[in-house]
Structures are given as C-alpha cells and as structure tokens.
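Trainee: This is a predicted model, with the sequence first.
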Amino acid sequence: MELGWLLWGAGVLLLLHVLMELSPAVNFALRIGFYCLLCVVGSALAAPVCLLVNGGRTVKNMRIIKTVVKTFKYFFGVRFEVKGLENFEIEGPAIIVSNHQSILDMMGLMEVLPDDCVQVGKKELMYAGTVGLIIYLGGVIFINRKSTTSAKMVMAEVAKTMAADKVKVWVYPEGTRNCTGDLLPFKKGAFHLAVQAQVPVIPVVYSSFTTFYNPKKNLFTSGKIKVEVLPAIETKGLTSGDVSDLTDRCFRTMRETLFRLSGCPSEAKDSS
Ligand SMILES: CCCCCCCCCCCCCC(=O)SCCNC(=O)CCNC(=O)[C@H](O)C(C)(C)COP(=O)(O)OP(=O)(O)OC[C@H]1O[C@@H](n2cnc3c(N)ncnc32)[C@H](O)[C@@H]1OP(=O)(O)O
Ligand SMILES: CCCCCCCC/C=C\CCCCCCCC(=O)OC[C@@H](O)COP(=O)(O)O
C-alpha cells in the first residue's frame, strides 16, 4: 500500500518534470503557481503567530511576515545584491517609493524592508484569502483605485497619522505592476503625502527582471536582482505647488538608476 503511494508520487513528479522540460508555458505556470502556493501557505503559518505575538493588526507583524517571505528566494534561485541600506536610517516617518514589476516584488520588498514600515496596496488584495489576511494584519493601507476621491482621503488621513505613529510608508508610485524594463509615469499620491506630512522621500530601485522573468515569454529562471536604496530627498518647506517637480525629480533619478542597475544600453534611455 505504502509502496503504491510512493510510486504514484514518483510518477507524478516525473510527469511534472517531463512537462516542465517540454513546455516553457507549463514550466512558467508551475513556478508561478508554486510562488502563489508559498504565499498562501506562508501567510497561513504567519497569521496565527502574528495574532499570538502582537494580538492583531499592527506594523510590528511586518517583522514576522518579513522572516517568512525572506526564505522564498531560496526556492527560486533568486539572489539579491543590496546597496545603500544606510539611507533608511532616518529617525521617524518617511515615504519610500520603488518600482513595481511583478508579484515577485514581495520578495524584494521584504529583503530590504525597514522596521515600522507599511505599504499602500489596492483594496482587492484584502480578499486574496490568507494573503489578504496577512496583509491586513501587517497594517497595509488599502486604497480604492477606482475612486480618486476616496484614495486621496485615505492618503490625507495617512499624512496625519504618520508622524503620530512614527511609521514609514512604502508606495509603488507607478500604481500597477510593470515588467517592461522601464518605468511607467509616476502617480502623484506618494509625493502629495510626503509634502503634506513634510517628510523625506526615499527612492528604492530594483534592477529589471526581464533577463530572468518575463510572463509574455513564459520565462522564469533563477537570477540576480540588484537593489539600491537612494539618499533621501527632503521636502521640508515644500508646498503642494512643488509636488510635480518633486515627482519629476524622483522619476528621473529612479529611471537613471534602473537603467544603470539593469545594465541597459544608453539608447533605451532615449527611447521615450
Ligand atoms: C506572505 C505573502 C506576502 C505578504 C506581503 C505583504 C506586503 C504587501 C504589500 C502590498 C503591496 C501592494 C502593491 C499595490 O497594490 S500597488 C497598487 C496600489 N498603489 C497605488 O496605486 C499607489 C500609487 N498611486 C497613487 O499614489 C495615486 O495618485 C492615488 C492612488 C493616490 C490616486 O490615484 P488616481 O489614479 O485615482 O488619481 P491620480 O493619481 O491621477 O490623481 C488625480 C489628481 O489628484 C492629485 N492627488 C493625488 N493624491 C493626492 C493627495 N493625497 N492630495 C492631493 N491631491 C492628490 C493628483 O496630483 C492628480 O491631480 P493633477 O496632478 O493631475 O492635477
Ligand atoms: C478565498 C479566496 C482565495 C483567493 C486566493 C488568492 C491567492 C493569492 C495567491 C497569491 C498571491 C501572491 C501575491 C502576493 C501579494 C502581491 C501584491 C502585488 O503585487 O499586488 C499587485 C498590485 O500591487 C498591483 O496590481 P495590478 O498590477 O494593478 O494588478
């Protein structure tokens, strides 16, 4: 009986292996499926620990979530090379902005996440089963992207409470995932938030995933991601009239850094 189960298991594994070898689409789907499974199982394991240790929704849970998610990279052969972590060493609140390429970004996020830092996420994530639960417990701020008014109201509330709670807020200013090797134009919410709260903006840039991850080409192999935390940009004394300039400045700095880290030929920079 037990031998029977072993043979079945070996057979299924062999079949999956052959399918993966034969079809890049199957290979890609299985690897992404496995990543999602890790997220679901990791969240299910972390949630009770968060509840037991910290009692409910609090940014302190991010430490527990970070410990779990930081193990994921070993399953996929993803390596990180991080520079500039000292730029996070700012007392009190700040806005962190970074490029957003894929759901795999959660690994890169947790690789460098400073203490007392929550993220801004789309509210649909709340309904992603155990992942939604863990994101809720971690204190993620949910915004409704379909309603500018309500998103702006939530962000204004965050500006007020940031100083009191001494938290940093991580925003993906592109507002959606983008795996083209370039940046989408930045939305201004993060920069309004920084100016309203008079806190610095810290840009973080991840090199392009395109050499090892490309959903359109069913590509997902092992690879190296370079991460750079850039020096903080002060916003003291800036007013709402300066938000566009601040946004442009961050965009240009981050785009240059993205191309440098990704080893892009200079013509890519001129293409838009
Ligand atoms: C184990 C498992 C893993 C666990 C992982 C745990 C971690 C989970 C992490 C989860 C990660 C999840 C990651 C994710 O889910 S990423 C997706 C969700 N995140 C975002 O969308 C963030 C970036 N978006 C923005 O900042 C947008 O601007 C918002 C959402 C705020 C509005 O967007 P919307 O598209 O609706 O409007 P608009 O941007 O065209 O703006 C319209 C106008 O309003 C002005 N305006 C904007 N804001 C403000 C303001 N505050 N005060 C005053 N004015 C403001 C703005 O200048 C513009 O005016 P003008 O300039 O054109 O005149
Ligand atoms: C009972 C319901 C069960 C639902 C189960 C759902 C399982 C979810 C499985 C895996 C989720 C792993 C992803 C971890 C968090 C990813 C955060 C993320 O990257 O969100 C995307 C968002 O930034 C931008 O969204 P769009 O690019 O605009 O789209």
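Mentor: Ah, there it is. Values in this document were obtained by computation on a predicted structure and should not be read as measured data. Ligands and ions are numbered 1, 2, ... in the order given.

Trainee: And the strands in the stretch 151-272 of the chain, which stretches?
Mentor: Counting by DSSP state E, counting those that start in this stretch, one finds strands in the stretch 151-272 of the chain at the ranges 168-171, 201-206, 213-214, 219-220, 223-229.

Trainee: Name the residues of the last one that are buried.
Mentor: What that stands for is strand 223-229. Using 16 or more other CB atoms under 10 Å as the test for burial, strand 223-229 gives Gly223, Ile225, Lys226, Val227, Glu228, Val229. Glycine gets a C-beta too; all of them are placed from N, C-alpha and C.

Trainee: residue contacts, the fifth one?
Mentor: Applying CB atoms under 8 Å, 6 or more residues apart in numbering, we find Glu228 in contact with Val82, Lys83, Gly84, Val204, Val205, Thr257, Leu261.

Trainee: Now do the same contact list for the closest residue to Val171 other than its chain neighbours.
Mentor: For Val171, ignoring the flanking residues on the chain, the nearest one in space by CB to CB, 6 or more residues apart in numbering is Ala190 at 3.8 Å. Contact criterion CB under 8 Å, 6+ apart gives Ile95, Val97, Val120, Val169, Val171, Pro173, Val201 as the residues in contact with Ala190.

Trainee: I'd assumed Ala159 was in contact with Leu193.
Mentor: Yes: counting by CB atoms under 8 Å, Leu193 touches Ala159, with 5.2 Å between them.

Trainee: These two - which one has more neighbours?
Mentor: Of the pair Leu193 and Ala159, Leu193 is the one with more neighbours under other CB atoms under 10 Å, namely 24 against 20.

Trainee: now the more buried one: how far from ligand 1?
Mentor: With the distance defined as CB to the nearest ligand atom, to the nearest Å, Leu193 ends up 6 Å from ligand 1.

Trainee: just Leu52 next, same as before
Mentor: 17 Å.

Trainee: Report how many residues lie close to that residue.
Mentor: Leu52: 9 surrounding residues under other CB under 10 Å.

Trainee: Gly237 too?
Mentor: 8.

Trainee: repeat for Val131
Mentor: 20.

Trainee: is it true that it touches Cys39?
Mentor: Yes: counting by CB under 8 Å, a contact exists between Val131 and Cys39, whose distance comes to 5.2 Å.

Trainee: Can you give me the pLDDT of His17?
Mentor: Reading off the per-residue confidence, His17 sits at a pLDDT of 82.

Trainee: what kind of secondary structure is it in?
Mentor: At His17 the chain is in helix, as set by DSSP: H, G, I helix; E, B strand; the rest coil.

Trainee: distance of it from Ala25?
Mentor: His17 sits at a distance of 15 Å from Ala25 (criterion: CB to CB, to the nearest Å).

Trainee: Figure out which of the strands of the stretch 151-272 of the chain is closest to ligand 2.
Mentor: Checking the strands of the stretch 151-272 of the chain against ligand 2 by CB to the nearest ligand atom gives strand 168-171 as the closest, at 10.6 Å.

Trainee: Is there contact, residue-wise, from the closest one to ligand 2?
Mentor: No: legend: contact between strand 168-171 and ligand 2 by CB under 6 Å from any ligand atom is lacking; minimum distance shown is 10.6 Å.

Trainee: before we move on, back to that, would you mind marking which of the contacts of Ala190 are also close to ligand 1?
Mentor: Restricting the contacts of Ala190 to those near ligand 1 - CB under 6 Å from any ligand atom - leaves Val120, Val171, Pro173.
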